[in-house]
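Enquirer: Coordinates for the following, if possible.
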Amino acid sequence: MIASILLLTFIVAAFSYLALRRAKLPPGPFPIPLLGNIPHLSYLAFKNGGIVGALRSLKEEYGPVFTIWFGPMPTVHITDLDIAQDAMIKHGANYSERWVPLLLDLPRNGLGLIASNGKIWLDHRRFSLHTLRNFGLGRNIIEERIMEEFNLKFNAIDLQIQETGSNVVDPLPLIEVLVGSIINKLLFSERFDTSSDDFFALKRRVDRIVSNISFLDLFVYKFMLTIPLLRQRYDRILEPLYQLKAYVRGQLEQRKADIRDGKHLLEEEGRDYVDAYLIKMAEELKEGSKETSFT
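Expert: Got it, this is the predicted structure:
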């Protein structure tokens, strides 16, 4: 009897809470406590041949701006070009804050370029665009750097064909190394090759992140990390993220040590992104800026 009363009280409280929150949001289907509109959205996707058809159906029913709840989290969807341009371009500053999934935010502590907001995001976005332009973004310089890596990797394919006498080649490992090498060259002025243990260790970690995480994991709340069974799952997801962070930190510390020992010299604007960032940190420290986000 008591259990039934408590359950009924919980259901009434949950629906009342959702009704109050819905009143402040654009129209949309009423959410189920804890599940939100996921069952309804899944049904519409099945009925209309996919998620695009489901969203089109919701647009027809609720208008060009509507709310979908993913679990306990409401998300507002704009499906009209004029409204989207008005909101995101004309009033872009009002919508610059982005929702960051907890599992992406925990390893970064609200820092970085991708998973950050406010002044930190604005400062780092401005710095990144300025730095990449200095390195030739939008000009032939960056294209030449990319083509240099491209030619090196495809020369390796030519060599493999000569050595084996076979025209059958699996290009995937070389292409994976090529992409990683281009990124790492911009970051650390170092390229990867097919014998690079660091690259394949990094790739395994990224593969683990992709294979472990699901769409619903993006809507995790902090209290869920304390539930034993869920905690084990989220530890598996977070472990490779922390390993990636540790690898990058190790590279940064090695760069700092090389600078102190005179093995690496900082040029005026830096040879790579890390150099430019360290120069920016030194400038902020010299100016005595107390509100710097470059740490």
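Enquirer: Extract the C-alpha set from the helix or strand where Arg125 lies and format it as PDB.
Expert: According to DSSP states H and E, Arg125 maps onto helix 118-134. Output for helix 118-134, consisting of C-alpha atoms alone and laid out as PDB, is shown next (Å, rounded to 0.1, in the frame of the first residue of the first chain):
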ATOM      1  CA  GLY A 118      31.800  31.600 -22.800                       C
ATOM      2  CA  LYS A 119      35.100  33.500 -22.700                       C
ATOM      3  CA  ILE A 120      37.200  30.400 -22.800                       C
ATOM      4  CA  TRP A 121      35.600  29.300 -26.100                       C
ATOM      5  CA  LEU A 122      35.700  32.800 -27.600                       C
ATOM      6  CA  ASP A 123      39.400  33.300 -26.700                       C
ATOM      7  CA  HIS A 124      40.500  29.900 -28.000                       C
ATOM      8  CA  ARG A 125      38.400  30.200 -31.100                       C
ATOM      9  CA  ARG A 126      40.000  33.500 -31.900                       C
ATOM     10  CA  PHE A 127      43.500  32.200 -31.200                       C
ATOM     11  CA  SER A 128      43.000  29.000 -33.200                       C
ATOM     12  CA  LEU A 129      41.700  30.900 -36.300                       C
ATOM     13  CA  HIS A 130      44.600  33.400 -36.100                       C
ATOM     14  CA  THR A 131      47.200  30.700 -35.600                       C
ATOM     15  CA  LEU A 132      45.900  28.500 -38.400                       C
ATOM     16  CA  ARG A 133      45.800  31.500 -40.800                       C
ATOM     17  CA  ASN A 134      49.400  32.200 -39.900                       C
END
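Enquirer: same for the helix or strand where Glu163 lies, what does it pack against?
Expert: Following DSSP H and E, one finds Glu163 within helix 140-164. When contacts are defined as 3 or more C-beta pairs under 8 Å, 6 or more residues apart in numbering; DSSP states H and E, helix 140-164 sits against helix 172-188. All C-beta spots, glycine's among them, are computed from the backbone N, C-alpha and C.
Enquirer: Now do the helix it packs on against helix 140-164, angle only.
Expert: With axes from the mean of the first three to the mean of the last three C-alpha atoms, to 10 degrees defining the directions, helix 172-188 sits at 150 degrees from helix 140-164.
Enquirer: to the chain's geometric centre, what's the distance from helix 172-188?
Expert: Centre-to-centre, helix 172-188 and its host chain are 18 Å apart (C-alpha atoms, centre = their mean, to the nearest Å).
Enquirer: what comes up buried for that helix?
Expert: Within helix 172-188, the residues scored as buried using 16 or more other C-beta atoms under 10 Å are 174, 176-178, 180-182, 184-188.
Enquirer: Same check on stretch 103-112?
Expert: By 16+ other C-beta under 10 Å, the buried positions in stretch 103-112 come out as 103-104, 106-107, 112.
Enquirer: got the contact list for the helix holding Arg125?
Expert: Residues outside helix 118-134 that contact it (C-beta atoms under 8 Å, 6 or more residues apart in numbering): 96-98, 110-113, 116, 137, 142, 186, 269-270, 273, 276-277, 280, 291, 293-294.
Enquirer: got the angle between the helix holding Glu163 and helix 118-134?
Expert: Taking the same axes, to 10 degrees, helix 140-164 and helix 118-134 form an angle of 70 degrees between their directions.
Enquirer: quick one: contacts of helix 140-164?
Expert: When contacts are defined by C-beta under 8 Å, 6+ apart, helix 140-164 is touched by residues 132, 135-136, 167, 169, 171, 174-175, 177-178, 181-182, 185-186, 191, 193-194.
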